[in-house]
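Engineer: Just the structure for this:
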Amino acid sequence: MVYVQSPFSKTLTVNLNPSTTTLRDLNLHLHRHHLIPISHQRLYLSPRLLSTEGNDAVFLSDLGVSLNSTLTLHVPLLGGMQAPVAPKARTDFLNTKPPPNYVAGLGRGATGFTTRSDIGPARAAPDLPDRSAAAIGAPGTPGVGRGRGKGAGEEEEEEEAEEKGYDENQKFDEFEGNDAGLFASAEYDDEDKEADAVWEAIDNRMDSRRKDRREARLKEEIEKYRASNPKITEQFADLKRKLYTLSTDEWDSIPEIGDYSQRNKKKRFESFVPVPDTLLEKARQEKEHVSALDPKSRAAGGTETPWAQTPVTDLTAVGEGRGTVLSLKLDRLSDSVSGLTVVDPKGYLTDLKSMKITSDAEVSDINKARLLLKSVTQTNPKHPHGWIAAARLEEVAGKLQAAQNLIRKGCEECPKSEDVWLEACRLASHVDAKAVIARGVKAIPNSVKLWIQAAKLELEDVNKSRVLRKGLEHIPDSVRLWKAVVELANEEDARLLLQRAVECCPLHVELWLALARLETYDNAKKVLNKAREKLSKEPAIWITAAKLEEANGNTSMVGKIIERGIRALQREGVEIDREMWMKEAEAAERAGSVATCQAIIHNTVEVGVEEEDRKRTWVADAEECKKRGSIETARAIYAHALTVFLTKKSIWLKAAQLEKSHGTRESLDALLRKAVTYIPHAEVLWLMGAKEKWLAGDVPAARAILQEAYAAIPNSEEIWLAAFKLEFENHEPERARMLLAKARERGGTERVWMKSAIVERELGNIAEERRLLDEGLKQFPSFFKLWLMLGQLEERLANLERAKDAYELGLKHCPKCIPLWLSLAHLEEKVNALSKARAVLTMARKKNPQTPELWLAAVRAESRHGHKKEAEILMAKALQECPTSGILWAASIEMAPRPQQKTKSRDAYKKCGDDPHVLAAVGKIFWHDRKVDKARTWFNRAVTLAPDIGDIWALYYKFELQHGGEDNQRDVLNRCVTADPKHGEKWQGISKAVENSHQSTEFILKKVVVAIGKEDHAAENGKN
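Structural biologist: Down below sits the predicted model:
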């Protein structure tokens, strides 16, 4: 058996033996059974063609075809044409007759011309007369020419065309092509018929493949069109269906359709005016004849008129009364004093929402839904949700009685569904609801929801408790019912109820814990022991036991209980979840059980933590607890970590910071004392302890700590300087001088020499100060602060040339020091005007590129001398070189005109982001625009990002002094004192002045505010 895959996507089965069948036999079989001509058959085995000359008599097995092989059959598609004819042999080109009207070279665009050689016979003379000669009027063809009829040759061609049945010069048909013209006279044989059948089969196959999709798409388009453009008959189909209910009289009462069009009618003006009340009153009085009392008046005895039975007699009074009522309503909605409306907008909107808009479409939808739900309840009456949906539909439609009737039927059909009874209770009135829920609990006595709903319908707690207890008789193991009844009882009854509850629900831990809280200490322990026996895998029982011991003062038992509980839980196979126990510790802290919290942390903080990750994990846990406000939990984590890592300075520092922020001075001092015992070489711990004592006002204790620190670390410069600062700030200059002298003798660093010069400057010893500076510069020539102090000393003494020499000499040793360049430029500006200062700043910028402070100094120097244009040019160059400098952008915003400041600030914020100088500049813009809240927000952001810059604090405080209240001013002042800023252009200039050396942060802040005010006043005067 051999398989042949045809081009029609079909596999043909040929029952032949390849060993005894030749290729010719296979071709004949395909031609005989499948009508495929032998000449059109092209058989392939994989990529090899079998149908070649010489293979006809070869067996298929010799060609590689075996049993169950699959051959591929290709059929050439000739398009219904005849078989191709072998081309004729070409004749000699030069000796043949050219075609009619042939011009050499015309096809390629060449123009014919005549040469001398063309005069003679260039080619053999033609045997037949050329028809082209007749076209040009040759003498051998008389009577032939333009407009003179047809020649004999043309008539012969027409006769030939008639014989052929078509015209060779007819136009090309776009659909048929040239087939009709070229092959109309050809013979239509069997091969043509077979080819047409093949093509027709292909067309049918392709059409059948696309038929389903095409029909589906067409059907979808028709449905969409009909949905968007419904017919009139479809729109009124539901109304037409109801016409069968009309009676004969109703049919007869339908009016005839008249001509209501306005096409042939003339429009005329019609005016309708209401009849005045006076006219109606007059007509009534003229026709009124009363001779007897009405029956209702006789029933009252004739002496009085029954209430609400007085007939309307004066229509004018009715109109006036209506206006009076309207005015009273309007007066009620307005304030009698100010005339402002007091309408509640929220209540008004609520009333609007409660209004129901029932359009025709909604009514139609409700009717459809009603029919659908009716079929649901009729076909499946035991389905409760169908009844509930039908009742709610009627409720939405405003038919409450119909909804109640439906849900009543639902209760009869589905008496065991609690949802149906709850819906019936909801739809019933308050009086009938109790009866409904009573029938419900009688039908389903084990439904907790029904008993809870029955209790809610009662108004008094006693009745609610009675209903819940009745429910507990039927469902004694319902925890929800026990909780509800306990909440309604007093403490004594609750204790008795819980005792019964834990008997009925012994596996619910909340009932055990609630009973333990209500019992006495001894009974509570017994209750918890019983609970532990029933619920051996519940950790909450152990935690409650620990809290119980802590509440009764037995703090020593807390740790043991937690430890024993964890071991017991592990024996029971309970996995100790570290995160869950941490949350329990935080919950215990919030409940006031600090010892329980510490015990939980101590016993569970190491669970599931690798040894190399302990420090990082514990510190992260403590920080997270600190953020959540769980201070005791964080303190317990640090305490446990310090028992493991006794010599880790970072953990001691974090624990000290926690105590400093949330603890007491005593706890911080105890912690630091313990820290320096384990890490005696940690300078920062000694210094922190001494500073805390100094801030507490205990200077002797601070001295003692520093003495102990010096004994532990004898060559520590930080401790020497801390001791100097302690004495210096407490107005003990002689002690400070002596300490610094000892430090210099023991090889003090450049900071010791600088502090020594500061002390002498403070005491007014100019000669000693100069001596110390000179000696210090000999030992430390690259320490720029000593050169700066020397130059400032000469400036104070008015030795400007010597000051200049000091600055220049300092710049030789420290060419990268920006303060020295700025001081020299300021001195040159003071002595030699702007040109020399400009040169100094240019040199500084060359040696220190991309330094915004130097650019800012140059811009300000130009501005001080009134060179506004030069200042703007310098600022543009500065921003090109330092595009992300906040101080340059802030200065650029201040220099810009008021209309351009917002644009500048937007560009600055894009370039610098949250730079504090830019934020402060934006805050100043809002300040000047009187946008107080926005300005306060931007100033607050600036001081939060950079609390060490005193100038921004001064600007913020000045703003609050002008626009804020006392609370805001005090808040800013306290925050600034806490931050203790050290930097800032104006802040450093004032705080480091000799006269302000011992002043507090508050004093410096107020002086900087005054300096900023003077500067702003001078700038405004300069503009004016």
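
Engineer: hey, let's count contacts and neighbours off CA atoms from now on
Structural biologist: Will do.

Engineer: residue ranges of the strands in the protein, please?
Structural biologist: Counting by DSSP state E, one finds strands in the chain at the ranges 2-5, 11-14, 42-45, 48-49, 70-74.

Engineer: can you list contacts of the longest one?
Structural biologist: If I follow you right, that is strand 70-74. Here strand 70-74 makes contact (Cα atoms under 8 Å, 6 or more residues apart in numbering) with 2-7, 40-46.

Engineer: ranking the strands of the chain by mean pLDDT, which is last?
Structural biologist: Lowest mean pLDDT within those: strand 48-49, a mean of 72.

Engineer: Please tell me how far the residue nearest to residue 942 when sequence neighbours are not counted sits from residue 1013.
Structural biologist: Nearest residue to residue 942, sequence neighbours excluded (Cα to Cα, 6 or more residues apart in numbering): residue 916, at 4.5 Å. Separation of residue 916 from residue 1013 (Cα to Cα, to the nearest Å): 20 Å.

Engineer: more neighbours, those two?
Structural biologist: Each of residue 916 and residue 1013 has its neighbours counted (other Cα atoms under 10 Å); residue 916 has more, 25 against 14.

Engineer: what's the spacing between the more buried one and residue 952?
Structural biologist: Taken as Cα to Cα, the span from residue 916 to residue 952 is 8 Å.

Engineer: Need the overlap of contacts for the two.
Structural biologist: By the contact definition Cα under 8 Å, 6+ apart, residue 916 and residue 952 are jointly contacted by 942-943.

Engineer: who's in contact with residue 567?
Structural biologist: The contact partners of residue 567, by Cα under 8 Å, 6+ apart, come to none.

Engineer: And the pLDDT for it?
Structural biologist: We have a pLDDT of 85 for residue 567.

Engineer: Also residue 950?
Structural biologist: Residue 950 is given a pLDDT of 91.

Engineer: Quick check: it touching residue 989?
Structural biologist: No. With contact defined as Cα atoms under 8 Å, residue 950 does not count as touching residue 989 (10.9 Å).

Engineer: So for these two, which residue has more residues nearby?
Structural biologist: In this view residue 950 and residue 989 are compared by other Cα under 10 Å, and residue 950 has more residues nearby, 27 against 12.

Engineer: any chance you could map the helices in the stretch 651-800 of the chain?
Structural biologist: If you assign secondary structure with DSSP state H, counting those that start in this stretch, the helices in the stretch 651-800 of the chain sit at 665-678, 683-695, 699-712, 717-729, 733-745, 750-763, 766-779, 784-796, 800-813.

Engineer: quick revisit: which among the strands of the chain is found nearest to residue 506?
Structural biologist: Taking Cα to Cα, strand 11-14 is the member of those nearest to residue 506, at 76.0 Å.

Engineer: Contacts only, for residue 824.
Structural biologist: 804, 807-808, 837, 840.

Engineer: From residue 685, how far out is residue 691?
Structural biologist: Going from residue 691 to residue 685 by Cα to Cα gives 10 Å.

Engineer: Grab the longest helix from the protein for me.
Structural biologist: helix 190-228 (DSSP state H).

Engineer: Pull out the buried residues from that one.
Structural biologist: Within helix 190-228, the residues scored as buried using 16 or more other Cα atoms under 10 Å are 191-192, 195-196, 198-199.

Engineer: Which residue is the nearest non-sequential neighbour of residue 394?
Structural biologist: Nearest to residue 394 is residue 403, by Cα to Cα, 6+ apart, at 5.1 Å.

Engineer: can you tell me which residues contact that neighbour?
Structural biologist: Under the criterion of Cα under 8 Å, 6+ apart, the neighbours of residue 403 are 390-395, 427.

Engineer: Report pLDDT for residue 885.
Structural biologist: 90.

Engineer: repeat for the one 4 residues further on
Structural biologist: According to the per-residue confidence, residue 889 scores 91 in pLDDT.

Engineer: Surely it and residue 919 touch.
Structural biologist: No. Counting by Cα under 8 Å, residue 889 stays clear of residue 919, with 10.4 Å between them.

Engineer: Next, give phi and psi for the residue most central in space within the chain.
Structural biologist: The chain has residue 913 as the residue nearest its centroid, 21.8 Å off, counting by Cα atoms, centre = their mean. Dihedral angles of residue 913 (phi, psi; degrees, to the nearest 10) stand at phi 70, psi -130.

Engineer: and residue 1013, how far is that from residue 986?
Structural biologist: In this view, residue 1013 and residue 986 are 12 Å apart by Cα to Cα.

Engineer: any weak-confidence spans in the stretch 901-1024 of the chain?
Structural biologist: 1021-1024 (pLDDT under 70).
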